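*Asks:* have a look at this prediction, sequence included:
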Amino acid sequence: MFKDTEHLIRVVAVIAMALIVFVVLRAAVVPKSFGQYGHYRGDAIAETAARRMAHAGPDFCEPCHTDVVDQKKLGKHVVVACEACHGAQAKHADDPPSIKPPKLDTAVVCARCHEANSAKPKKFPQVVTADHSGGLACDTCHQPHRPKIEDTPDKRSEAKK
């Protein structure tokens, strides 16, 4: 039927070998629970559930830090979760007297959200931190939980000095 079929047989043999190697490697590498609940590893659910909680949540922060809650209510950061800036604080919530969170570098933390970026909505407060602050930390001028600078008579008289 075909003249000189040796080259076709070699190609089919190479493809068959590659397929066998692929199936053996896949069986060795892909975990048994892959595909158990869809296109991901089923054992990942139990592994994630077994991890220790890292975030405490606002229910643990607010009872002790009522002064901060009151400040946040007066500003636009009222919608920002505590741990969005302060990081995971479950250990602090478990033992507040002995585990003190470190002081934040506001020049870094605030820039995560407020560094100027053309992809952000125009109404979102943005600054080019290098030009805006002159190297000062944000909390030099802004109170982080209520960042709008209030123009009070006291502050105006200080600025004139």
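*Replies:* Right, received. Where do you want to start?
*Asks:* so which helix or strand takes in the spatially most central residue of the chain?
*Replies:* The residue lying closest to the centre of the chain (Cα atoms, centre = their mean) is Ala84, at 7.8 Å. In the assignment (DSSP states H and E), Ala84 maps to helix 82-86.
*Asks:* same check, this time on Asp131
*Replies:* Counting by DSSP H and E, Asp131 is part of helix 129-132.
*Asks:* any residues touching that helix, and which ones?
*Replies:* Identification of contacts with helix 129-132 by Cβ atoms under 8 Å, 6 or more residues apart in numbering yields 107, 110-111, 114-115. The C-beta positions use only the backbone N, C-alpha and C, and glycine is treated the same way.
*Asks:* same thing but 10 Å
*Replies:* Helix 129-132 is contacted from outside by 107-108, 110-111, 114-116, 126, 135-136, 138, 141, using Cβ atoms under 10 Å, 6 or more residues apart in numbering.
*Asks:* follow-up on the earlier one: which strands or helices does whichever helix or strand comes after the helix holding Ala84 pack on?
*Replies:* Once the chain leaves helix 82-86, the next helix or strand it forms, by DSSP H and E, is helix 90-94. When contacts are defined as 3 or more Cβ pairs under 10 Å, 6 or more residues apart in numbering; DSSP states H and E, helix 90-94 packs onto helix 58-61.
*Asks:* tell me which residues of the helix it packs on are tucked away?
*Replies:* Using 16 or more other Cβ atoms under 10 Å as the test for burial, helix 58-61 gives 60-61.
*Asks:* quick one: name whatever helix or strand follows it.
*Replies:* Toward the C-terminus from helix 58-61 - assigned by DSSP H and E - lies helix 66-73.
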